[in-house]
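Trainee: This is the structure alone, sequence omitted:
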């Protein structure tokens, strides 16, 4: 497995600066985000920017492992037009950057929207996005996420199987189960046939989980990987046992990302070498 890093920790920062930090700490891959305010937002992104970013990553020995385009897929009234447009434009960014994977998540059910209708709209839209990504040679990956339509392994597996596209896979992030007291080991075993990318997050759990299904549970304080309560070594061993050998991408929503970036590498790289 290769240690990667999510650029979401540095909104608005030039990617060259981020790449320098990653190379110095020993990371092998990077995942760039297309959210507004980030350097790879689709608006204004062109071939010249892509060439500069690819060159900068290559010169520092970094693989661009994925592009992330998390969005709320179903909005009021059951509309998916905005999410589909953003995802398709993000797939074009991934294509320009030479990234093989595009990460998304489903977003929550919109208020005052029939949930069966929202599910049908989500399924139809993600199928269209998977087909559009496939035409560029990009694989679309959906991430089970706290507070989202697809949180549980059951709902994620149902979505992937109902869509039935060979170009729709799963980005697995065990932390979304861990912060709620759910068994991420069972979830990984159930989804393993579809997992092609992995996010890693760690938290210090402040009180008993469950009871807060918001997208940012109040019982979890983000920290550097290996410094919190998540059983990281056990999880990496589990990933090995199912044959996963891709990128494990550190996602750090912390106050001081520079320090957490370095500490994460110090904690995780020895585990990967073992």
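Mentor: Arrived safely. Given the structure is predicted, the values throughout are model-derived calculations rather than measurements.
Trainee: Which parts of the stretch 101-250 of the chain are strands?
Mentor: Counting by DSSP state E, counting those that start in this stretch, the segments of the stretch 101-250 of the chain that form strands are 101-105, 139-143, 168-173, 195-200, 202-205, 220-223, 247-250.
Trainee: quick one: the fourth one to strand 139-143, angle?
Mentor: Angle between the axes of strand 195-200 and strand 139-143 is 50 degrees (criterion: axes from the mean of the first three to the mean of the last three Cα atoms, to 10 degrees).
Trainee: Show me what strand 195-200 is packed up against.
Mentor: strand 101-105, strand 139-143, strand 168-173, helix 232-241, strand 247-250 (3 or more Cβ pairs under 8 Å, 6 or more residues apart in numbering; DSSP states H and E). (Each C-beta comes from the backbone N, C-alpha and C, glycine too.)
Trainee: relative to strand 168-173, how tilted is that strand?
Mentor: Using the same axes, to 10 degrees: strand 195-200 against strand 168-173 is 20 degrees.
Trainee: contacts for strand 195-200?
Mentor: Residues outside strand 195-200 that contact it (Cβ atoms under 8 Å, 6 or more residues apart in numbering): 1, 6, 65-66, 101, 103, 139, 141, 143, 169-175, 188, 225, 232, 235, 239, 242, 244, 246-251, 268.
Trainee: Of these, just the buried ones, ChimeraX syntax please.
Mentor: The ChimeraX selection below is limited to those of the contacts of strand 195-200 classed as buried (16 or more other Cβ atoms under 10 Å):
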select :1,6,65,66,101,103,139,141,143,169,170,171,172,173,174,175,188,225,232,235,239,244,246,247,248,249,250,251,268
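Trainee: burial measure for residue 267, as a count.
Mentor: 17 (other Cβ atoms under 10 Å).
Trainee: er, residue 164 I mean
Mentor: Using other Cβ under 10 Å, residue 164 has 10 neighbouring residues.
Trainee: cool, residue 258 as well?
Mentor: 13.
Trainee: nearest spatial neighbour of it, skipping sequence neighbours?
Mentor: residue 21 (6.7 Å; Cβ to Cβ, 6 or more residues apart in numbering).
Trainee: Next, count neighbours for that neighbour.
Mentor: Neighbourhood size, residue 21 [other Cβ under 10 Å]: 19.
Trainee: Find the nearest non-adjacent residue to residue 153, please.
Mentor: residue 187 is the one closest to residue 153 (Cβ to Cβ, 6+ apart), at 4.0 Å.
Trainee: Identify the residues contacting residue 271.
Mentor: 226, 232, 233, 236.
Trainee: hmm, try it at 7 Å
Mentor: Neighbouring residues of residue 271 by Cβ atoms under 7 Å, 6 or more residues apart in numbering: 232, 233, 236.
Trainee: Throw those into CSV and include pLDDT, thanks.
Mentor: What follows is these, written out as CSV (pLDDT from 0 to 100):
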residue, pLDDT
232, 97
233, 97
236, 98
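Trainee: Pick the one among those closest to residue 88.
Mentor: Nearest to residue 88 out of those is residue 236 (Cβ to Cβ; 33.8 Å).
Trainee: Let me know how buried that closest one is, in neighbour terms.
Mentor: Residue 236, neighbours per other Cβ under 10 Å, totals 19.
Trainee: helix or strand for the residue nearest to it when sequence neighbours are not counted, which one?
Mentor: Leaving aside its sequence neighbours, residue 236 sits nearest to residue 271 (Cβ to Cβ, 6+ apart; 5.4 Å). Assigned by DSSP states H and E, residue 271 falls within helix 257-273.
Trainee: So what's the gap between that helix and the chain middle?
Mentor: 18 Å (Cα atoms, centre = their mean, to the nearest Å).
Trainee: which residues touch residue 31?
Mentor: Contacts of residue 31 (Cβ under 7 Å, 6+ apart): 4, 5, 6, 7, 65, 66, 68, 249.
Trainee: Sitting in helices, which of the residues you listed do you find?
Mentor: Residues of the contacts of residue 31 located in helices (DSSP state H): none.
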